[in-house]
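# Here you go, sequence then predicted model.
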Amino acid sequence: MSTYLLHADKRLAAEEKQTFMSNAPTYEIDLKAFWRDPYPDLKAMRETAPIAYVPQLGATLLTKRDDIFVNEKLIEYFSSDQPEGLMTVLMGQNLMRKDGAAHMAERKVIFPAVSPKAVKTVWNAKFEELTKEVLQRVKPSGRADMVRDIAMPISGEALKAITGLTNMKWQEMDRVSQGMIDGCANYAGDPDVEARCHDCTASIDRHIDEMVPILSETPDMSLLSVQLQAGLSPEQYRANVKLAISGGQNEPRDVIAGLIWTMLTHPDQYDLIKSGQFTWLNAFEEYSRWMSPVGMSPRRMTQTYAVNDVTFDPDDRVFLMFGSGNRDADIFEKPDEFDMNQDCSASIAFGAGPHFCAGAWAARSLIADFAMPLIFSELTGLHIDGPVEFGGWAFRGPLALPVAWDA
Amino acid sequence: MPAISVTWVLPDGNSRTADVQEGHNLMEAAVSNGIAGISGDCGGALACATCHVAVLEGSESAKTCGEMEDDMLDMVDGERSETSRLSCQLIASSDLDGIVLRIP
């Protein structure tokens, strides 16, 4: 499992890795230690060099919540358009790698597939059904790896429904998601990794090609279908479906498993849920702040621009460190603790600008309305049954979570 | 650029009034004036529903939301009312001069 997060992080670091640098102070990190636990370094940066150039990442990091919150919106300086990035080269230019009118035009097209209304009227029934199916499958065994055996299929099945690729198995969904993540991390140009990535994107294209006539005949609210209905070009809808697959698999998986672990290790907090004092949505929001599943989002500077004492030049690479901003002691009362009693409304777990996570409403519902309550109600006596380790700084979550229950 | 007058009625009953230049949206105006309860996480991309207001005084058009906005308003914090809007979708123009918004 460790390769998932390691490769995901390497992808984001590598995709942006260049020699470009601002005049920010330099902060050195040990990459392996940073991957195991980025929070001590991020805290030190916030306290001593809140905007710091990290040579090991080839990027300047914004680590304070308000700096990220303000500057992510300034797309005329902090651009998401990275034409040379491996993501664009290997997966096509999706809407996350566009800005301004081009981004908003496609965003508007996909809105009906991921809107709160679609979640309520279309996806919730599917989420309930697929979550119950996954749990019924594992229930008799009495033990499982929460990440691999429960969170991953729930996430994969939900993604199948929302993307419209219902002809894909969830295992294949996970494989192609990982293959693209690895391909985008392949800065060394390993031909095998590149070939696997091409195989994965080709598999997605084949599945899309199979579904296009079906969805043209019987349109639905899926991501592929709404793009077909809007007349987007094959390049556009292929790239956007690939974006949803590369980005929509690991985050829900990591939050489901991570929040289960949190509840099992913070019984006082779980009691607050059981007593009705707080909801699963409260738990979801606080967990996403505390252990942000997406810790970073990259940007490219388009022109000279100063933030505080740091001057950026065109083509400087900038990492917006959501996971760091979400532990900013100037904003949050107990930044390093999971505590639903504190106000986490300033969290930037879903981003803080026009690229605000399009899947946020679906994720909230899948996890807070179905995955969490059903896992606890179906798997009675759920407890941790082995060592647990977290990893990642760009994407963070438990690598494995052995659990057992009363079978 | 001409400006219009915008008033926000805060949850505690107090109110704040500011001049807002035409062309700016009222979420940005609220954030730049430090109006608590309006965060505008997504910067006006109709993605976050964190700039909810109710139009207390204003034209009919100011009280009428668009289709995508209507969908997002189902998810706002605070109770939705008949005149609820996402203030990122209210663009300052002369017909909004004197508008009064309540922060739920």
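Structure's in. What do you need? What you see is a predicted model, and the numbers here were worked out from it, not measured in a lab.
# Now do the helices in chain B.
Under the criterion DSSP state H, chain B contains helices at B:26-32, B:67-73.
# who wins for proximity to chain A among the ones you listed?
helix B:67-73 (4.5 Å; CB to the nearest CB). (Glycine included, C-beta is placed from N, CA and C.)
# quick one: A:Met91 from A:Ala59, how far?
A:Met91 sits 21 Å away from A:Ala59, going by CB to CB, to the nearest Å.
# Lowest average pLDDT across the helices of chain B?
Note on those: helix B:67-73 shows the lowest mean pLDDT, a mean of 90.
# Would you mind writing the CA trace of it as CSV?
Output of helix B:67-73 as CSV, limited to C-alpha atoms (Å, rounded to 0.1, in the frame of the first residue of the first chain):
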residue,chain,number,x,y,z
GLU,B,67,-30.4,27.6,-11.6
MET,B,68,-26.9,26.5,-10.4
GLU,B,69,-27.1,28.9,-7.5
ASP,B,70,-30.5,27.5,-6.6
ASP,B,71,-29.0,24.1,-6.4
MET,B,72,-26.1,25.3,-4.3
LEU,B,73,-28.4,27.2,-1.9
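# tell me which residues of that helix are tucked away?
Using 16 or more other CB atoms under 10 Å in any protein chain shown as the test for burial, helix B:67-73 gives B:68-69, B:71-73.
# what two of those are the furthest from one another?
For these, the farthest-apart pair by CB to CB is B:Met68 and B:Leu73; their separation is 9.8 Å.
# quick one, what contacts the residue nearest the centre of chain B?
Among the residues of chain B, the one closest to the centroid is B:Ser87, at 2.8 Å (CA atoms, centre = their mean). By CB atoms under 8 Å, 6 or more residues apart in numbering or on different chains, the contact list for B:Ser87 reads B:25-27, B:29-30, B:38, B:40, B:51-53, B:101.
# circling back: can you list the helices of chain B in JSON lines and add distance to A:Ser80?
Output for these, formatted as JSON lines (distance: least, CB to CB, whole Å):
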{"stretch": "helix B:26-32", "distance to A:Ser80": "20"}
{"stretch": "helix B:67-73", "distance to A:Ser80": "21"}
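# So is the helix or strand that contains A:Ala244 next to chain B?
Using DSSP states H and E, A:Ala244 sits within helix A:234-248. No: using CB under 8 Å from any CB of the partner chain, helix A:234-248 never reaches chain B; the gap is at least 14.9 Å.
# out of the buried residues of helix B:67-73, which touch chain A?
B:68, B:71-72.
# For A:Asp406, which non-adjacent residue is spatially closest?
Closest residue to A:Asp406 in three dimensions, ignoring its sequence neighbours and counting by CB to CB, 6 or more residues apart in numbering or on different chains: A:Gly381, at 3.8 Å.
# typo on my end, A:Gln229
Spatial nearest neighbour of A:Gln229, excluding adjacent residues (CB to CB, 6+ apart): A:Pro219 at 5.5 Å.
# OK, contacts around that neighbour?
Under the criterion of CB under 8 Å, 6+ apart, the neighbours of A:Pro219 are A:225, A:228-229.
# How about A:Gly351?
Applying CB under 8 Å, 6+ apart, the residues near A:Gly351 are A:72, A:294, A:297, A:322, A:357, B:41-42.
# Closest one to A:Glu210 out of the residues you listed, please.
The closest of those, once distances to A:Glu210 are taken by CB to CB, is A:Cys357, at 28.1 Å.
# burial of A:Pro234, as a residue count?
When neighbours are counted by other CB atoms under 10 Å in any protein chain shown, A:Pro234 registers 14.
# Please apply the same query to A:Thr166.
Residues lying near A:Thr166 (other CB under 10 Å) number 17.
# now swap in the one 3 residues further on and tell me
By other CB under 10 Å, 13 other residues sit near A:Lys169.
# lowest average confidence, helix or strand, in chain A?
Using mean pLDDT, DSSP states H and E, the weakest-scoring helix or strand in chain A turns out to be helix A:2-16, at a mean of 47.
# Pull the next helix or strand after that helix out as PDB, backbone CA atoms only.
Downstream of helix A:2-16, the next assigned helix or strand under DSSP H and E is helix A:31-36. Provided in PDB are the C-alpha atoms of helix A:31-36 (Å, rounded to 0.1, in the frame of the first residue of the first chain):
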ATOM      1  CA  LEU A  31      12.100  13.700   1.800                       C
ATOM      2  CA  LYS A  32      11.600  10.400   3.400                       C
ATOM      3  CA  ALA A  33      10.900  11.900   6.800                       C
ATOM      4  CA  PHE A  34       8.600  14.500   5.200                       C
ATOM      5  CA  TRP A  35       6.700  11.700   3.600                       C
ATOM      6  CA  ARG A  36       6.300   9.800   6.900                       C
END
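# Up against chain B, what does chain A have?
Within chain A, the positions near chain B by CB under 8 Å from any CB are A:69, A:72-73, A:104, A:107-108, A:111, A:115-117, A:120, A:345-346, A:348, A:350-358, A:360-361.
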